[in-house]
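Engineer: Would you be able to build a 3D model of this:
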Amino acid sequence: MKCAIKAFETKGEIQEQKHLILEDPLPVTCSGQVRIIILLPEETEINEKDWLKTASKNHSFHFLNDPEEDIYTLSDGRPFYDKK
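Structural biologist: Numbers count the residues shown, from 1 in each chain. Now for the predicted structure:
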């Protein structure tokens, strides 16, 4: 029996034998081959300083160095104070 294409999100665990075990049963009524996308957690998170340094060297952001893009001054807008 063919299923309509749907996407489901669930959690699971990759065991030492490289088998994927899902936490919950899938909410499907058919069987057959599937495509699986596995999202692994980052081993180390990139801190903000390193991310900004990398982004500043990316050619995609070079347009921001153009004087025409510098349209705001310190007197624009109102200060925002976070009320925590």
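
Engineer: Just want to check the distance between the spatially most central residue of the chain and residue 55.
Structural biologist: What sits nearest the mean C-alpha location of the chain, by CA atoms, centre = their mean, is residue 39, with 9.6 Å. Per CB to CB, to the nearest Å, residue 39 is found 22 Å from residue 55. Backbone N, C-alpha and C define where each C-beta goes, glycine included.

Engineer: swap in residue 15?
Structural biologist: Residue 15 is 37 Å from residue 55, where distance means CB to CB.

Engineer: for residue 41, same thing?
Structural biologist: The span separating residue 41 from residue 55 equals 22 Å under the rule CB to CB.

Engineer: Looking at those two, which has the bigger crowd around it?
Structural biologist: For residue 41 and residue 55, the more surrounded residue by other CB atoms under 10 Å is residue 55, and the numbers stand at 10 against 5.

Engineer: Pull the contacting residues for the residue in the chain sticking out farthest from the centre.
Structural biologist: Here the centre of the chain is the reference, and by CA atoms, centre = their mean the most remote residue is residue 75, at 34.5 Å. In this structure, residue 75 makes contact with no residue, judged by CB atoms under 8 Å, 6 or more residues apart in numbering.

Engineer: quick one: it is in a helix?
Structural biologist: No - Residue 75 is assigned coil when assessed by DSSP: H, G, I helix; E, B strand; the rest coil, not a helix.

Engineer: Ramachandran coordinates for it?
Structural biologist: Dihedral angles of residue 75 (phi, psi; degrees, to the nearest 10) stand at phi -90, psi 0.

Engineer: could we number from 184 for the rest of this?
Structural biologist: Okay, residue one is now 184; in that scheme the one you just asked about reads as residue 258.
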